[in-house]
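Q: sequence? don't have it. structure:
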């Protein structure tokens, strides 16, 4: 079956794109392994405008419900390749193929994980990959930050203003972060640094209770009681399958212009998988709206039409 637009990704950028595209009366298919993105695993969200506090899963469900109220079709699958044939695109998934006149890539980033026991089981129960998202839930508590780069240093600095005690755990003793960030951290009294260590396990039944580690040089084992573990070892854009299709930057993010156009005419990108400066839900949603509007303008020009203003009614 052919669609005006195929959207790859089901987070805030993807679902916002879908809402805007459907309001333009375009046929839209959204393909994602799961709907909601990283927001769906957040214990609580306090920075979505108009809602003081909401569970991440509930917020993601509201996005999906809103998009489907406009007649959005959703397929649960993984996109493996995009091929441009003439003026249209063939979108290949694990189980099928779809045709589209335009494609919007909004599949976000994937946090790098530690791969230790207890990590996956305690996601949303004290294990987090976003200090700015979940930090406020750990006021006056003890937390650990795992990582040695700028993101870990920034997370530890930020959490020190909220938590009672912050433990910064790094596998190297010379930080890969900026020297100014390292110097700033040394001035903060409630941050304790453990370097040259390897995290072995995150413990806890219903929530995080402790983190176990071992010194790589001395083999000394240590266990620290914590309420939260923030894993800040970077995020990966899973864009390897797009090499040779659209231009990527040195981090593997999809290069876009200010209107979300990629290097391939008819393909647009938004949200965390694109080269945007800030990785936040509200920014991803806004970029997703831009992508839908840009795609609509592209389709209208291709068809010799004028893009409709976005004040459509059901």
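A: Okay, I see it. As the structure is a prediction and not an experimental result, all values here were calculated from the model.

Q: distance check, residue 93 against residue 158.
A: Applying CB to CB, to the nearest Å, the value for residue 93 to residue 158 is 39 Å. Placement of C-beta: from N, CA and C, glycine included.

Q: again, but for residue 81
A: 39 Å.

Q: for residue 55, same thing?
A: For residue 55, the distance to residue 158 - CB to CB - is 22 Å.

Q: how about the residue nearest to residue 52 when sequence neighbours are not counted, what does it touch?
A: Nearest residue to residue 52, sequence neighbours excluded (CB to CB, 6 or more residues apart in numbering): residue 46, at 6.7 Å. Residues in contact with residue 46 (CB atoms under 8 Å, 6 or more residues apart in numbering) are 52-53, 136.

Q: do residue 232 as well
A: Shown in contact with residue 232 (CB under 8 Å, 6+ apart): 129, 131, 145-147, 149, 151-152, 154-155.

Q: what count of nearby residues applies to residue 287?
A: For residue 287, the neighbour count with other CB atoms under 10 Å is 24.

Q: just use 344 as the starting number from now, easier for me
A: Will do, 344 is the new start, and the previous item becomes residue 630.

Q: so it: helix, strand or coil?
A: Assigned with DSSP: H, G, I helix; E, B strand; the rest coil, residue 630 falls in the helix class.

Q: what about the stretch 444-593 of the chain, any weak spots by pLDDT?
A: Along the stretch 444-593 of the chain, the model assigns pLDDT under 70 to no residue.

Q: those helices in it, which residues are they?
A: Counting by DSSP state H, counting those that start in this stretch, one finds helices in the stretch 444-593 of the chain at the ranges 474-477, 493-503, 522-529.

Q: ok, now how distant is the nearest residue to residue 595 once chain neighbours are set aside from residue 378?
A: With sequence-adjacent residues excluded and distances taken as CB to CB, 6+ apart, residue 595 is closest to residue 580, at 4.4 Å. Note on residue 580: its distance to residue 378, by CB to CB, is 19 Å.

Q: and for the protein, the residue most distant from the center?
A: residue 561 (36.7 Å; CA atoms, centre = their mean).

Q: list the contacts for residue 520?
A: 491-493, 495-496.

Q: try it again with 6 Å
A: Contact analysis of residue 520 by CB atoms under 6 Å, 6 or more residues apart in numbering lists 492-493, 496.

Q: read off the pLDDT value for residue 655.
A: Per-residue pLDDT puts residue 655 at 51.

Q: for my notes, confirm residue 625 occurs in a helix.
A: Yes. Under three-state DSSP, residue 625 sits within a helix.

Q: number of nearby residues for it?
A: The number of residues packed near residue 625 is 12, by other CB under 10 Å.

Q: roughly how far apart are it and residue 412?
A: According to CB to CB, residue 625 and residue 412 sit 21 Å apart.

Q: go on, residue 478?
A: Distance from residue 478 to residue 412, by CB to CB: 33 Å.

Q: more crowded one of those two?
A: Higher neighbour count among residue 478 and residue 412: residue 478, with 19 against 11, using other CB under 10 Å.

Q: the more buried one contacts residue 503, doesn't it?
A: No. Using CB atoms under 6 Å, residue 478 is not in contact with residue 503; the gap is 10.0 Å.

Q: stretch 364-376: which residues count as buried?
A: Within stretch 364-376, the residues that count as buried by 16 or more other CB atoms under 10 Å are 364-367, 369-375.

Q: do stretch 485-492 as well
A: In terms of neighbour count (16+ other CB under 10 Å), stretch 485-492 has its buried residues at 485-492.

Q: now do stretch 521-530
A: Counting neighbours by 16+ other CB under 10 Å, the buried set in stretch 521-530 is 524-525, 528.

Q: ok, and what's touching that stretch?
A: 493, 496, 518, 534.

Q: can I get the residues you listed in a markdown table with distance to residue 466 and neighbour count?
A: Below are these laid out as a markdown table (distance: CB to CB, whole Å; neighbours: other CB atoms under 10 Å):
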| residue | distance to residue 466 | neighbour count |
| --- | --- | --- |
| 493 | 23 | 16 |
| 496 | 23 | 25 |
| 518 | 26 | 20 |
| 534 | 24 | 19 |
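
Q: so which of the contacts of residue 575 would you say is closest to residue 512?
A: Taking CB to CB as the measure, residue 512 lies nearest residue 489 of these, at 4.9 Å.

Q: contact partners for that closest one?
A: For residue 489, the contact set (CB under 6 Å, 6+ apart) comprises 512, 542, 574.

Q: what's the answer for residue 602, then?
A: Residues counted as contacts of residue 602 (CB under 6 Å, 6+ apart) are residue 637.

Q: OK, contacts around residue 457?
A: 542, 574.
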